[in-house]
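> Below: sequence and its predicted model.
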Amino acid sequence: MGGRSVVGGLFDPRNGGEAIRIERLTLQRKPFEPVRTNCFSVYLIESGSGTFWADASSFSFGPDELLFLVPYQHIRFAPDAVTHGVVVQFHANFLCVETFHAEVGCSGALFNDPYGIPVVALSGRVKSEVLNLIERIRQEFDERELAYSEVMLAHLKVLLVLAARLKNARAAACRRGANVRHPVLIELSDMIEQNYHLLHSPAEYARRLHITAKTLGRIVREHHGTTPTELIRSRILIHAKWQLLHTLKPVKEISRELGFHDELYFSRLFKKSTGYSPTFFREFETEIRGGSNLSMSSGHAPIRGSVLTSDT
């Protein structure tokens, strides 16, 4: 693969699209933006390093790391050197992360965590197991023998379980050791969880934390690679996507419960983040999922409690 053909685009079974895709990854030493997709993406970095952006948040990447990215996210890579790896993309029709969340907590640990880093470093036995699982997924995808889809699903589930365990264990070790997050960040994440549907201004959070907006911005940038505005926006969008997917609430009602009195403003914010309007997002995903998303709980978008004290 020449670095410009990374899998992507909207999965649509009506056009013969496959709910899971796997491909070799080669990134040249220049900026690259994968095509926006409605699939969850897991990038295995085998060699190379650099920076990647998930929406407006930036993170570093290097060898023997897994990157976890969510549907409709705008992704950009800036490699420092030629980078090789593998990318696995799967739609909720193949594995619904929201449902799998109840089993292993990968939603909130690996995906949809506005307060953490979507990177898991591999080492030791887990590294060998993960590399083997990805290779077996690739083989099943290429060879397509009897029940290959079920075998890929089983391998993918184990991969996500191992990654979630590793991230949770390292987060717990971080909290016990000297690398505890800045205390302001713990207060901030708790405060956002309680108020994201009411307070959208970083200045208001800074005031409640008894620091200046400039200081809050510096702390968030140093530890999260993003801005307070982006943290708040990310949490708002997690809630919005959940409500659009799993309820029949009108867009106007979802907009109001998130503190936006102007539905058009909310719709522009949503489209800027996902590339699509709330109405298209809901109608398209509901149709290709056959309405199965509407049978799920319609409560608030779940964010794992332990995420609020996760790693840096």
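Good, I have the coordinates.

> Whichever strand or helix holds Glu135: how far from the chain's middle?
Glu135 belongs to helix 124-143 when elements are defined using DSSP states H and E. Taking C-alpha atoms, centre = their mean, to the nearest Å, the mean C-alpha location of helix 124-143 is offset from the chain mean by 21 Å.

> now do stretch 53-62
11 Å.

> What of stretch 192-209?
Worked out by C-alpha atoms, centre = their mean, stretch 192-209 lies 22 Å from the chain centre.

> Render the CA-only coordinates of that stretch in PDB, please.
Extracted C-alpha coordinates of stretch 192-209, given in PDB (Å, rounded to 0.1, in the frame of the first residue of the first chain):
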ATOM      1  CA  ILE A 192     -17.400  18.400  32.900                       C
ATOM      2  CA  GLU A 193     -19.300  15.100  33.600                       C
ATOM      3  CA  GLN A 194     -21.700  16.900  35.800                       C
ATOM      4  CA  ASN A 195     -22.100  20.100  33.700                       C
ATOM      5  CA  TYR A 196     -21.300  19.500  30.000                       C
ATOM      6  CA  HIS A 197     -25.000  19.800  29.200                       C
ATOM      7  CA  LEU A 198     -25.100  23.200  30.900                       C
ATOM      8  CA  LEU A 199     -21.700  24.800  30.800                       C
ATOM      9  CA  HIS A 200     -19.800  25.100  27.500                       C
ATOM     10  CA  SER A 201     -17.300  27.900  28.400                       C
ATOM     11  CA  PRO A 202     -13.800  27.000  29.600                       C
ATOM     12  CA  ALA A 203     -13.700  30.300  31.500                       C
ATOM     13  CA  GLU A 204     -16.700  29.100  33.600                       C
ATOM     14  CA  TYR A 205     -14.900  25.900  34.500                       C
ATOM     15  CA  ALA A 206     -11.700  27.800  35.300                       C
ATOM     16  CA  ARG A 207     -13.700  30.100  37.600                       C
ATOM     17  CA  ARG A 208     -15.100  27.200  39.500                       C
ATOM     18  CA  LEU A 209     -11.700  25.600  39.800                       C
END
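
> Can you give me the neighbour number for Leu245?
The number of residues packed near Leu245 is 19, by other C-beta atoms under 10 Å. (Each C-beta comes from the backbone N, C-alpha and C, glycine too.)

> in the strand or helix carrying it, what counts as buried?
For Leu245, the host element (DSSP H and E) is helix 228-246. For helix 228-246, the neighbour count (16 or more other C-beta atoms under 10 Å) marks 228, 230-246 as buried.

> ok, back up a step: can you give me the buried ones in the helix or strand just after the helix holding Glu135?
The helix or strand immediately downstream of helix 124-143 is helix 148-176, counting by DSSP H and E. Buried residues in helix 148-176, counted by 16+ other C-beta under 10 Å: 151-153, 155-157, 159-160, 162-168, 171, 174.

> packing partners for helix 148-176?
strand 20-27, helix 97-104, helix 106-109, strand 119-121, helix 124-143 (3 or more C-beta pairs under 8 Å, 6 or more residues apart in numbering; DSSP states H and E).

> Run the angle between that helix and strand 20-27 for me.
60 degrees (axes from the mean of the first three to the mean of the last three C-alpha atoms, to 10 degrees).

> so after helix 148-176, what's the next helix or strand?
Beyond helix 148-176 toward the C-terminal end (DSSP H and E), the next one is helix 183-195.

> Any buried residues in that following helix, and which?
184-189, 191-193, 195.

> now swap in stretch 194-213 and tell me
Neighbour-count burial for stretch 194-213 [16+ other C-beta under 10 Å]: 195-197, 199-200, 202, 204-206, 209, 211, 213.
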